[in-house]
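**Student:** Provide a 3D model corresponding to the input given below.
(chains A and B)
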There are 2 protein chains.
Amino acid sequence: MSETISLAHGGGGRLARRLIEDVILKELRAGDSDGAASPELILLSDGAVLQSFTGIPVMTTDGFVVTPQVFPGGDIGTLCVTGTVNDLVASGARPRVLSVGLILEDGLPIDDLRRFLKSIRATCEKAHVRVACGDTKVVEHGAADKIFITTAGLGELAVEPAPGPWRLEGRTGVAVILSGTIGDHGVALLGCREGLHFETAVESDCAPLADLILPVLEKFGSAVLCMRDPTRGGLSAVLGEIAEQAGIGIDIVQANVPVKPAVRGVCDLLGLDVFALANEGKMVLFVEESVASAVVSLLQKHPLGRDAAIIGRTVERSGRPVHLVTSLGVRRPLEVPLGETLPRIC
Amino acid sequence: MSETISLAHGGGGRLARRLIEDVILKELRAGDSDGAASPELILLSDGAVLQSFTGIPVMTTDGFVVTPQVFPGGDIGTLCVTGTVNDLVASGARPRVLSVGLILEDGLPIDDLRRFLKSIRATCEKAHVRVACGDTKVVEHGAADKIFITTAGLGELAVEPAPGPWRLEGRTGVAVILSGTIGDHGVALLGCREGLHFETAVESDCAPLADLILPVLEKFGSAVLCMRDPTRGGLSAVLGEIAEQAGIGIDIVQANVPVKPAVRGVCDLLGLDVFALANEGKMVLFVEESVASAVVSLLQKHPLGRDAAIIGRTVERSGRPVHLVTSLGVRRPLEVPLGETLPRIC
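**Tutor:** Modelled structure (predicted):
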């Protein structure tokens, strides 16, 4: 096997086959000698027949173009599984299988590809999902940036009715819970970007949230009205979208929003809005007031939910959809950012 | 809305939202004022809950990096739906929904994007599928080539047991049927590549095959043992793979393989192997000998199967896995191509 990806690996011929069998399948199935962990992959068919699937399917997709591909706390392989798993979880689904579509640039070192595949496998194990099907394309040097990954996820609805912003329509007094600190992923990426090197101890929060959130759904069921993971656009975008879709207002108590001191420091230094920075291991939950404290307690028992807190409430809309209430009692609008704080954050 | 895609469209903010609502959803849902055709899309949630899904799910994924993005007979939008639908059909599934992941290059004219989205919608209608979820990323100018699309497909298994190469193990005398002419897509792409312009009347065969193939599954059920669509690597790669996976031999009667005269002309002129050229609207079917003629008759009733023919038989392996039998009775090996006849053919 040559040391770098070449265009010939993207054909339908023997070299493509060798890449798939000797590198991709080998890494994705490491230690899985009997195929128990990925029964569909060994068949190398056009489609994966998911014999053991039950329940109502929930489907999602996400593309990953993050740069650099390796960052403190993860890499594009970690991220592509995390992002798709967390979208399924946010939809109220138990993640089951993923598809992985690779677009590789001619010249990509095959060892880099191996690294990302190892991360995909390790993160799948953490999230109790498996890769059921995949695809590999190669483009000329200069026609892509090393590697892009598009994953789709399939899960089973874990609670009915499904959580969603429509369940917040006309509802005031619903508690808004955040599962942990914000801004970690954005600051970690910023810290390792070319031309922007500075020392932070901040790692990406990149983590699949199935083990954190599914127990909440199991215990509190339909009292969980809506969830979303605040990735691109950060907490601002997610809250703004949900408020718009539900036709409600949201008041957030600024002091209750957990932010790591190092993240706050970088934001202060560079004039960044921490509410607009991306997160890759956090969930926003809208839950019935009556169970809010119990949900926070349950979240806090898991390492990924240690800093969980009630950060606000839904209110009747007055003026802008989302407001921050400062420690001085001032109420100011929290706007959805226009564009991009950082391009290619995920 | 600006005239070209910019990095800001890839953030999680208001510009991204406008692109999704005013361009992407608008095109994908044209004429669908009540959301009946795409109930999941209007919710703009993290995942699509597929309430009406029944049966055993079949999942597939495919990436599309074709260049040029517009070619005789289709464009990248036509192709991304076609490829995924045909993979599902080849797996014995009735296609139901697709996910669409877009990776856009900064500077892509938004009118180009609209065109591709219109093609996605039109091809979905032909194939009786809908887009259930999507994602959009933007990368800097020069970090991608205009647009890459990765689709995943979800279908319901339409026949049990599922067709697949494992059902050919130890089976000789199984008929090999090809649904039409080969090489059309490859020659159409070649004809419009930069630096390779020549006049052909050949258009890509790019077409979803659900309406052609599902009636065969309905009528002949488990007598359809294996199917695959001969895309990248052409008929050679598909036959070679199936023969390897099933541990059988395949003999193909060269004179029975339908090839358009114009395609044969280009191949002769340029020294191309028509068996290695890509197809995007053809299916290879392995069926029980007893039903082979009836399957061909049924295929021929559909415009996409007009040229369907029995092209060969499975045999005991002797020497190489696949052989071509020429009109002079000479039996020569049909090898799987090593690399790529044409890069970025799909």
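
**Student:** which non-adjacent residue is nearest the spatially most central residue of chain A?
**Tutor:** The centroid of chain A falls nearest to A:Gly83 when counting by Cα atoms, centre = their mean (2.7 Å). Distances taken as Cβ to Cβ, 6 or more residues apart in numbering or on different chains put A:Asp62 closest to A:Gly83, at 4.6 Å, once the chain neighbours are dropped. Using the backbone N, CA and C atoms, a C-beta is placed for each residue, glycine as well.

**Student:** and the angle from the host helix or strand of the one you found to strand B:57-64?
**Tutor:** For A:Asp62, the enclosing helix or strand under DSSP states H and E is strand A:57-64. Interaxial angle of strand A:57-64 relative to strand B:57-64 (axes from the mean of the first three to the mean of the last three Cα atoms, to 10 degrees): 20 degrees.

**Student:** who in the stretch 151-300 of chain A is up against chain B?
**Tutor:** Contact residues, the stretch 151-300 of chain A versus chain B (Cβ under 8 Å from any Cβ of the partner chain): A:152-155, A:157, A:162, A:164-166, A:228-229, A:231-234, A:237-238, A:241, A:245, A:276, A:278.

**Student:** Which of the residues you listed are buried? Put it as a PyMOL command.
**Tutor:** Applying 16 or more other Cβ atoms under 10 Å in any protein chain shown to those leaves a buried subset, and the PyMOL line that selects it is:
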select buried, chain A and resi 152+153+154+155+157+162+164+165+228+229+231+232+233+234+237+238+241+245+276+278
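
**Student:** Go through the residues of the stretch 151-300 of chain A next to chain B and flag which are in helices.
**Tutor:** A:Gly234, A:Ala237, A:Val238, A:Glu241, A:Gln245 (DSSP state H).

**Student:** Next one, pLDDT for the fourth one please.
**Tutor:** It stands for A:Glu241. In this model, A:Glu241 is scored at 93, pLDDT.

**Student:** What pLDDT does the model give the closest residue to chain B within the stretch 1-150 of chain A?
**Tutor:** The nearest approach of the stretch 1-150 of chain A to chain B comes at A:Gly12, 2.1 Å away (Cβ to the nearest Cβ). Reported pLDDT at A:Gly12 in the predicted model: 75.

**Student:** For it, which three-state class applies?
**Tutor:** Three-state assignment for A:Gly12 (DSSP: H, G, I helix; E, B strand; the rest coil): coil.

**Student:** again, but for the one 3 residues further on
**Tutor:** Secondary structure for A:Leu15, judged by three-state DSSP, is helix.

**Student:** Nearest spatial neighbour of whatever residue of the stretch 151-300 of chain A ends up closest to chain B, chain-adjacent residues omitted?
**Tutor:** Of all residues in the stretch 151-300 of chain A, A:Gly233 sits closest to chain B, at 2.1 Å by Cβ to the nearest Cβ. Leaving out its chain neighbours, the residue that sits closest to A:Gly233 by Cβ to Cβ, 6+ apart is B:Gly12, at 2.1 Å.

**Student:** can you give me the helices for the stretch 1-150 of chain A?
**Tutor:** Ranges of helices within the stretch 1-150 of chain A are A:14-18, A:26-28, A:76-90, A:110-127, based on DSSP state H, counting those that start in this stretch.

**Student:** Can you tell me which of those helices is nearest to B:Leu104?
**Tutor:** Among those, the nearest to B:Leu104 by Cβ to Cβ is helix A:76-90 (17.9 Å).

**Student:** Might you report the residue contacts of the residue nearest to the centre of chain A?
**Tutor:** A:Asp62, A:Phe64, A:Thr151, A:Thr231, A:Glu280, A:Cys346 (Cβ atoms under 8 Å, 6 or more residues apart in numbering or on different chains).

**Student:** Let me have these in TSV, adding distance to A:Ala93 as columns.
**Tutor:** Shown next, in TSV, are the contacts of A:Gly83 (distance: Cβ to Cβ, whole Å):
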residue	distance to A:Ala93
A:Asp62	14
A:Phe64	20
A:Thr151	15
A:Thr231	17
A:Glu280	18
A:Cys346	20
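
**Student:** what domains does the record give for chain A?
**Tutor:** For chain A, automatic domain parsing gives the domain ranges A:7-157, A:165-333.

**Student:** Now do the strand holding A:Asp62 against helix A:76-90, angle only.
**Tutor:** Between strand A:57-64 and helix A:76-90, the angle comes out at 150 degrees (the same axes, to 10 degrees).

**Student:** Can you tell me the strand partners of strand A:57-64 and which way each runs?
**Tutor:** Strand A:57-64 pairs in its sheet with strand A:147-157 (antiparallel), strand B:48-49 (antiparallel), by DSSP bridges.

**Student:** Need the per-residue pLDDT for the residue nearest to A:Gly83.
**Tutor:** You'll see A:Asp62 listed with a pLDDT of 96.

**Student:** Can you get me a residue count around it?
**Tutor:** Residues lying near A:Asp62 (other Cβ atoms under 10 Å in any protein chain shown) number 26.

**Student:** now A:Ala122
**Tutor:** The number of residues near A:Ala122, taken as other Cβ under 10 Å, comes to 14.

**Student:** List the contacts of A:Val322.
**Tutor:** Neighbouring residues of A:Val322 by Cβ under 8 Å, 6+ apart: A:Ser236, A:Leu239, A:Gly240, A:Ala243, A:Gly249, A:Ile250, A:Asp251, A:Ile252, A:Pro333, A:Leu334, A:Glu335.

**Student:** And the buried ones among those residues, selectable in ChimeraX?
**Tutor:** ChimeraX command restricting the contacts of A:Val322 to the buried ones, with burial defined by 16+ other Cβ under 10 Å:
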select /A:236,239,240,243,249,250,251,252,334,335
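
**Student:** closest to A:Gly312 among the contacts of A:Val322?
**Tutor:** Of all those, A:Gly312 sits closest to A:Ile252, with 3.9 Å by Cβ to Cβ.

**Student:** on that earlier part again, hmm, the residue nearest to A:Gly83 is touching A:Thr84, no?
**Tutor:** Yes. If you go by Cβ atoms under 8 Å, A:Asp62 and A:Thr84 touch, sitting 5.2 Å apart.

**Student:** intersection of neighbour lists for these two?
**Tutor:** A:Thr151, A:Ala152, A:Gly153.

**Student:** Quick check: closest non-adjacent residue to the second one.
**Tutor:** Setting aside the residues directly before and after it, A:Ala152 is nearest to B:Ala152 in space (Cβ to Cβ, 6+ apart), at 3.3 Å.

**Student:** same deal with the first one?
**Tutor:** Leaving aside its chain neighbours, A:Thr151 sits nearest to A:Thr84 (4.4 Å; criterion: Cβ to Cβ, 6+ apart).

**Student:** and that neighbour, how many residues sit next to it?
**Tutor:** By the criterion of other Cβ under 10 Å, A:Thr84 has 32 neighbours.

**Student:** check contacts around it.
**Tutor:** Contacts of A:Thr84 by Cβ under 8 Å, 6+ apart are A:Thr60, A:Thr61, A:Asp62, A:Pro95, A:Leu98, A:Thr151, A:Ala152, A:Gly153.

**Student:** Just send the strands paired with strand A:57-64 back as CSV, with mean pLDDT too.
**Tutor:** As requested, those are exported to CSV (pLDDT from 0 to 100):
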stretch, mean pLDDT
strand A:147-157, 97
strand B:48-49, 93
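
**Student:** for A:Val315, phi and psi?
**Tutor:** Backbone torsions for A:Val315, taken as degrees, to the nearest 10, come to phi -140, psi 170.

**Student:** what's the answer for the one 10 residues further on, then?
**Tutor:** Recorded main-chain torsions at A:Val325 are phi -100, psi 120, according to degrees, to the nearest 10.

**Student:** and the gap between it and chain B?
**Tutor:** 23 Å (Cβ to the nearest Cβ, to the nearest Å).

**Student:** Quick check, pLDDT for that residue.
**Tutor:** We have a pLDDT of 96 for A:Val325.

**Student:** Can you give me the buried ones in the helix or strand of chain A with the lowest mean pLDDT?
**Tutor:** Lowest by mean pLDDT, DSSP states H and E among the helices and strands of chain A is helix A:14-18, with a mean of 87. Using 16+ other Cβ under 10 Å as the test for burial, helix A:14-18 gives A:Arg14, A:Leu15, A:Ala16, A:Arg17.
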